[in-house]
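Q: just the structure for this:
(2 chains)
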Amino acid sequence: MDLQKRSFFQKAGALAALASTGAGFSARAADSRQPLPPPDPDMLLLSRCSFGITGQMTREIGRLGRKAWLQHQLSPDDIEEPELEERLRIQTPTIYMSARELAELEQAFQAANQLKQATLFRALFSRRQLYEVMVEFWSNHFSIYHRDGPVTLLKTIDDREVIRPHALGRFRDLLRASSKSPAMLLYLDNHTNVAGTPNENYARELMELHTLGVDGGYTETDVQEVARCFTGWAVARRGSPDVGQFRFYPARHDDEAKMVLGTYIPAGGGIRDGELVVDMLASHPSTARFISFKLARHFVSDDPPESLVKRMTRLFLDTDGHIPTLLEEMLLSEEFMESADLKLRRPLNFIIASLRVTTPSLRRESYAGLRNYLYALGQIPFEWVPPDGYPDTAAYWTSTNGMLNRWNFASALAGSRLPGLTLDYQRLAGEHRRPEDIVDRLAGILLHRPLTDAHRESFIDFLAAGDEERRALDDSQVEDRLPGLIGLMLSSPYFQYR
Amino acid sequence: MKLSRRQFVQLAALGGASLATPRLLLADGQQENADDIIISVFLRGAADGLNIIPPWGDPDYYKLRPSLAIPAPGSEGGALPLDDLFGFHPGMENLLPVYEAGDLAVVHACGSPSPSHSHFEAQDLMERGLESAMDEYNGWLGRYLDYRRDDSFGVFHAVAMGIAAPRTLAHQASTIAMPGIEEFALLLPEEDEDEIRGLLQAFYDGDQALDLASRDTLSAVDELAAADPLQYPPENGAEYPDTEFGRQMQAVGQLIKADLGLRAGALNLGGWDTHEGESATLNALVPELADTLAAFHKDMGERMSAITLVVMTEFGRRAYENGSAGTDHGHASFMLAMGKNVNGGKVFHDWPGLGTSDLYGKGDLEVTIDYRSVLGELISRRTAGMPMDQLFPGHTDTGQLGIFS
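A: The predicted structure follows:
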């Protein structure tokens, strides 16, 4: 390494160490942006719509252009991948089981483990990337904690029959399906919501978290009235032929009249009370805004531009909550193009993207190591306990624990030190042997965005390992030095944003 | 991970100050700081003050909760009496000696005046110390840290045990978030370690939260390895429960013993949202809470004269039970304060009653003591203090409750 550079880094490190230990408190400057050169618009779109950019994706968008690529992704049924489903049938058979078959499993955790594995597998390998991103989005919007009694089994049904069929459909259909999802009704205690002594849990979260939002205009009385509407909405128990399926119990239903959000619901409605509430909520202006805001916060910025949220809200109301229409408006908007580095990768995205860009050979035992890092980073699918889903803003995920585990994961992956995962350094280096060529190639494969000159030089110096002439590496030097360089690239700020 | 000798020397040369403890650094004429170490424990999910600190002396309690109420003292599974109105849930047996020794105070019918019955909104407001949403990012304990910060503050001045730092501690510097001490190590191959660390420092040289967290991570890993808090076993025969919360509380004790300069810490214990099957849930969670606090008190011993721990929850639960052997969202709940400078052995309250006309909203226990009055008194009595309108903007009632001496 160039001596001058080396001392520069030491000095920079020393200053940073002082700054961070209290001598020079830096103010939290939420508005000032990391001065990284932004990715080009194609790459920004690919990154936000996926769990990591692959070479195939860059070729596709180059051929189709942004708009056609996006429309292709918005029609996931046109993207067939029978080989992926075939592998899942062999490796995670419980995800295809009926409630009855699931109830007969000897060990319930099998169902939970296999659903998690399948979720990671699809995020990793599916070509329907935007669809998988939306599945994750809705799984958090309609968040269900996986370790809550029979929910361990029934989340499998919720994922297959509620979230996936409607992830790119209409919000109304998704909400209807969720309101009769056995996993949701059990998780939010609605199976014990009975006439006379109602349980408010589902009613409140339905309005606060699933539709209107906490400021959406409902009152405490509305919570109580909605709870009454859902009395008797429950799940068939073990021993009955329709075990684990939604069932309405008329005898437990409060059949008196109700008043919800100013609408009179006459007595004798039975199951229609709850269905009416779901439909009212699905087309409520507060719901339109809340869903639009959450989508914009997920895809554009932690603090999304009001102009965009307004347009999406109007579109939501005009299209009866047609999700692809909202996504297209948002993802091709000017606001989106200007949003580089405004979304931090969450841990799940960070881990999956690290794998998608480095393309390690992946043996079956690799799952355990990935799962351990997802736990350490705090984002394993379906394990957020409260019903509001994993946080979607950087303030939560920016932590010492987060950075430490990102760096540790990046280093372990890059060094092929995770069980069942091996990187092919010769293939990653390609034909190149000169340090600057290898750095440029890897920045292209891993980071998909331009580097500052100074950062590029740092990477090159690191790879040249003290050779001022930066001579070409031989094969064994490639094997020795690429792990460090790859780990560093994945640990750098360039890879922390999506 | 141990620091190599060379790394240690290099670090000492670079950021030397941070390795020594703040108190040792004050030789140059400054007074040793007299602020207590403040530990905040947040019970997430709205813990039921009415069954954790049951008002067994109020006959209305038994009318509202025919199947759920904790029986009066003396009956099987009865409350452990604290005075002639209140008792402990029977699962708090191990905390009773701390109460009787005068090191633990209970505050009842206490909480936030915000009418919100949303967990997420109410937690957020309570952690920020506000009654309604205002444009204030920082947490109440974070504002205290910002006000008090000086050169003695090291990287470990604020620690959150967990994956992420809660809003309570959000302030202008970063909070060290760690699920445990052992896990908090940088695992880089030895041959590249120095160079990669240097480059990470250089890459994260900006002023964003991500930069700050990154640089603090590097400093904290080294300080922790040098101080080696795991060398300190529990003292005085203290036994922490083998649960995540028990282990995290023990870790806070170890950080304190290792003299890393802790000024404020935050922990969470979740699972209190008892809409259904409440008794079973509380029978598991209440002993976990009580045994952990009792172990911490015992382990810290005399150190408790410079530590104050407070326990809070976002709101309480409906005064009457629902049809699921549980309780829905309510209003007032309880707080605990523990330390040698707490005027303990007493339940502080202005009991609003549980009669039909006494209840708030849809049938909730009314808030008669604002949680900010408790925390305000904590800051003014157990630290060098700060202006109350900065600690709790908009909160004017800082009546002296006498909980802290």
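Q: so what's the residue count around residue B:180?
A: Applying other C-beta atoms under 10 Å in any protein chain shown, we find 15 residues neighbouring residue B:180. Where you see a C-beta, it was placed from the backbone N, CA and C, and this is true even at glycine.
Q: I'd assumed residue B:247 was in contact with it.
A: Yes - between residue B:180 and residue B:247 there is a contact under C-beta atoms under 8 Å: 6.3 Å.
Q: near chain B, which residues of the stretch 51-200 of chain A are found?
A: A:189, A:192-194, A:196-200 (C-beta under 8 Å from any C-beta of the partner chain).
Q: looking at those, spot the one nearest residue A:423.
A: residue A:189 (46.9 Å; C-beta to C-beta).
Q: now do that closest one against residue A:212, distance only.
A: Distance, residue A:189 to residue A:212, by C-beta to C-beta, to the nearest Å: 20 Å.
Q: could you do residue B:371 as well?
A: With C-beta to C-beta as the criterion, residue B:371 and residue A:212 are 28 Å apart.
Q: higher neighbour count, the two?
A: residue B:371 (26 against 22).
Q: what about chain A, any weak spots by pLDDT?
A: A:1-34 (pLDDT under 70).
Q: in it, which residue is closest to the centre?
A: residue A:136 (4.3 Å; C-alpha atoms, centre = their mean).
Q: how is chain A divided into domains?
A: A:33-65+A:344-498, A:66-282, A:285-337 (automatic domain parsing).
Q: export those domains to TSV and tack on distance to residue B:110?
A: Listed next are the domains of chain A as TSV, based on distance: least, C-beta to C-beta, whole Å:
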stretch	distance to residue B:110
domain A:33-65+A:344-498	23
domain A:66-282	21
domain A:285-337	32
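Q: between these, which one is closest to residue B:75.
A: Per C-beta to C-beta, nearest to residue B:75 of those: domain A:66-282, 24.8 Å.
Q: may I have the distance across that closest one, first residue to last?
A: 31 Å (C-alpha to C-alpha, to the nearest Å).
Q: and it, how far out from the chain's middle?
A: 18 Å (C-alpha atoms, centre = their mean, to the nearest Å).
Q: nearest to residue B:132, out of the domains of chain A?
A: domain A:66-282 (10.9 Å).
Q: low-confidence ranges, chain B, go.
A: Judged by pLDDT under 70, the stretches of chain B that qualify are B:1-33, B:133-137, B:398-399.
Q: need the outlier residue of it, farthest from its centre.
A: residue B:191 (40.8 Å).
Q: before we move on, the earlier item: helix, strand, or coil at the residue nearest to the centre of chain A?
A: What DSSP: H, G, I helix; E, B strand; the rest coil gives for residue A:136 is helix.
Q: I'd say it and residue A:352 touch.
A: No - assessed by C-beta under 8 Å, residue A:136 is found out of contact with residue A:352, at 9.9 Å.
Q: need the overlap of contacts for those two.
A: Counting by C-beta atoms under 8 Å, 6 or more residues apart in numbering or on different chains, the common neighbours of residue A:136 and residue A:352 are residue A:123.
Q: which parts of stretch B:262-274 are buried?
A: Residues of stretch B:262-274 classed as buried by neighbour count (16 or more other C-beta atoms under 10 Å in any protein chain shown): B:262-269, B:271-274.
Q: and for stretch A:109-123?
A: For stretch A:109-123, by 16+ other C-beta under 10 Å, it's A:110-123.
Q: what segments of chain A are strands?
A: Assigned by DSSP state E, chain A shows strands spanning A:233-235, A:246-248, A:258-260, A:263-265, A:361-362, A:421-422.
Q: most tightly packed of those strands?
A: strand A:233-235 (a mean of 22; mean count of other C-beta atoms under 10 Å in any protein chain shown).
Q: quick check: phi and psi at residue B:307.
A: Backbone torsions for residue B:307, taken as degrees, to the nearest 10, come to phi -130, psi 130.
Q: and it, how many neighbours?
A: For residue B:307, using other C-beta under 10 Å, the count is 23.
Q: any idea how far it lies from residue B:263?
A: For residue B:307, the distance to residue B:263 - C-beta to C-beta - is 11 Å.
Q: joint contacts of these two?
A: Contacts common to residue B:307 and residue B:263, judged by C-beta under 8 Å, 6+ apart, are B:37-38.
Q: buried residues, the lengthiest helix in chain B. List them.
A: Scanning chain B for the helix with the most residues, using DSSP state H, yields helix B:278-300. Residues of helix B:278-300 classed as buried: B:278, B:281-282, B:285-300 (neighbour count, 16+ other C-beta under 10 Å).
Q: tell me the first helix or strand C-terminal of it.
A: Moving toward the C-terminus from helix B:278-300, the first helix or strand encountered (DSSP states H and E) is strand B:307-313.
Q: what's the helix or strand that contains residue B:201 packed up against?
A: Assigned by DSSP H and E, residue B:201 belongs to helix B:190-203. Under the contact definition 3 or more C-beta pairs under 8 Å, 6 or more residues apart in numbering or on different chains; DSSP states H and E, helix B:190-203 sits against helix A:3-20, helix A:453-464, helix A:475-491, helix B:209-227.
Q: out of the ones you listed, which gets nearest to residue B:87?
A: Per C-beta to C-beta, nearest to residue B:87 of the helices and strands packed on helix B:190-203: helix B:209-227, 41.4 Å.
Q: report the distance from the closest one to the chain centre.
A: Using C-alpha atoms, centre = their mean, the offset of helix B:209-227 from its chain centre is 23 Å.
Q: which helix or strand lies directly C-terminal to that helix?
A: Next along the chain from helix B:209-227, counting by DSSP H and E, comes helix B:244-257.
Q: and that next one, C-alpha only, in PDB?
A: Output of helix B:244-257 as PDB, limited to C-alpha atoms (Å, rounded to 0.1, in the frame of the first residue of the first chain):
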ATOM      1  CA  GLU B 244     -33.200 -12.600  27.500                       C
ATOM      2  CA  PHE B 245     -34.300  -9.800  29.900                       C
ATOM      3  CA  GLY B 246     -32.400 -11.400  32.800                       C
ATOM      4  CA  ARG B 247     -29.200 -11.700  30.800                       C
ATOM      5  CA  GLN B 248     -29.500  -8.200  29.500                       C
ATOM      6  CA  MET B 249     -30.000  -6.800  33.000                       C
ATOM      7  CA  GLN B 250     -27.000  -8.700  34.200                       C
ATOM      8  CA  ALA B 251     -25.100  -7.300  31.200                       C
ATOM      9  CA  VAL B 252     -26.000  -3.700  32.300                       C
ATOM     10  CA  GLY B 253     -24.600  -4.600  35.700                       C
ATOM     11  CA  GLN B 254     -21.400  -5.800  34.100                       C
ATOM     12  CA  LEU B 255     -21.000  -2.600  32.100                       C
ATOM     13  CA  ILE B 256     -21.400  -0.600  35.200                       C
ATOM     14  CA  LYS B 257     -18.900  -2.700  37.100                       C
END
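Q: elements contacting it?
A: Using 3+ C-beta pairs under 8 Å, 6+ apart, helix B:244-257 sits against strand B:158-161, strand B:264-270, helix B:278-300.
Q: for the stretch 301-405 of chain B, what spans make up the helices?
A: With helices called from DSSP state H, counting those that start in this stretch, the stretch 301-405 of chain B shows them at B:371-382, B:388-391.
Q: now residue A:73: closest residue in space, sequence neighbours ignored.
A: residue A:130 (3.9 Å; C-beta to C-beta, 6 or more residues apart in numbering or on different chains).
Q: in the stretch 301-405 of chain B, which residue sits nearest chain A?
A: residue B:323 (2.7 Å; C-beta to the nearest C-beta).
Q: tell me which residues touch that residue, please.
A: A:192-194, A:196-199.
Q: again, only this time at 10 Å
A: A:192-199, A:231, A:252, B:276 (C-beta atoms under 10 Å, 6 or more residues apart in numbering or on different chains).
Q: then residue B:383?
A: B:33-38, B:144, B:147-148, B:263-264, B:308.
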